[in-house]
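Enquirer: Turn this into a structure:
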Amino acid sequence: MRNPEAINSTTLPNRKSPWKTVEEEQAARQLTAEAQINAWRAILPGLLQKFARLKDPRRPGSIRHKLTVLMVYGLLLFIFQYASRREANRELSHPGVLETLRSVFPEVDSIPHLDTLARLLEKIPADQIENILGTTVRKLLRNKKLQALLVEKHYVVAIDGTQKFTRTVPFAPEALHRKSENYVYLLEAALVGPQRHSAAG
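Expert: I've put the predicted structure just below:
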């Protein structure tokens, strides 16, 4: 699980691990997940309503997890910036994480495999999800929920090109190629707060 300080940045802190044992690391990661889920309580109800309006492209007889449940797990995948679905499957399957999720979403009866989420997202047009994100951010700004991010009465937006992941096998025709690697670069924009703005100069 990513350190909370690094959630809004793809740059990892340059320091040694603070954990001495595997048990300490697992406990810290679980606490981080629970804290982040609780912090999102205020935003999640509105997001769930928007997710529920998405057309489910799956065959009715093959559905085990609700679309909203899968989308929430996709949100967690993004929030914690997992490097792979395998890592996310491992970290989000802890009993404590499931218990915390159930306190927010009583309908969550089991943890879906994130390969299922990947297959779902392949069938949902990306612009529909982008519209949900844009609507949510606009609502937060309108309701003055992001006031803590103001710098001299203005919001600061950081824009950066970021390499997301690499694979040795071709995974999409749009992927960039370098020697034996296939990789993806994205142009990201993020609201940043006063402390990160000051550190950046």
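Enquirer: which parts of the strand or helix carrying residue 116 are buried?
Expert: Applying DSSP states H and E as the criterion places residue 116 in helix 114-123. Residues of helix 114-123 classed as buried by neighbour count (16 or more other CB atoms under 10 Å): 114, 117, 120. C-beta coordinates here come from the backbone N, C-alpha and C atoms, glycine included.
Enquirer: now stretch 138-154
Expert: Quick answer for stretch 138-154 (16+ other CB under 10 Å): 140, 149.
Enquirer: Name the residues that touch it?
Expert: Contact with stretch 138-154 is made by 42-43, 46, 155-156, 191-194, 197, as judged by CB atoms under 8 Å, 6 or more residues apart in numbering.
Enquirer: Now list the buried members of the residues you listed.
Expert: If we count by 16+ other CB under 10 Å, these have these buried: 156, 191-192.
Enquirer: Take those and lay them out in TSV including distance to residue 86.
Expert: Formatted as TSV, the buried ones among the contacts of stretch 138-154 follow (distance: CB to CB, whole Å):
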residue	distance to residue 86
156	35
191	30
192	30
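Enquirer: mind listing which of these are in helices?
Expert: Counting by DSSP state H, these place none of their members in helices.
Enquirer: Mind telling me the two of the contacts of stretch 138-154 farthest from one another?
Expert: The most widely separated members of those, counting by CB to CB, are 46 and 197 (27.3 Å).
Enquirer: what's the distance between the helix holding residue 116 and the middle of its chain?
Expert: 14 Å (CA atoms, centre = their mean, to the nearest Å).
Enquirer: Between helix 114-123 and the next helix or strand after that helix, find me the angle.
Expert: Remark: after helix 114-123, the chain's next helix or strand is helix 126-142, criterion DSSP H and E. Helix 126-142 and helix 114-123 are oriented at 100 degrees to each other (axes from the mean of the first three to the mean of the last three CA atoms, to 10 degrees).
Enquirer: Residue 104 contacts residue 45, correct?
Expert: No - with contact defined as CB atoms under 8 Å, residue 104 does not reach residue 45; the gap is 9.1 Å.
Enquirer: Mind checking which of these two has more residues around it?
Expert: Taking other CB atoms under 10 Å, residue 104 and residue 45 do not tie; residue 104 has more neighbours (15 against 9).
Enquirer: Using the record's assignment, carve the protein into domains.
Expert: Following automatic domain parsing, the chain resolves into domains at 4-145, 148-201.
Enquirer: Tabulate those domains (TSV), appending mean pLDDT.
Expert: Listed next are those as TSV, based on pLDDT from 0 to 100:
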stretch	mean pLDDT
domain 4-145	77
domain 148-201	79
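Enquirer: Nearest residue to the middle of the protein?
Expert: The centroid of the chain falls nearest to residue 78 when counting by CA atoms, centre = their mean (1.6 Å).
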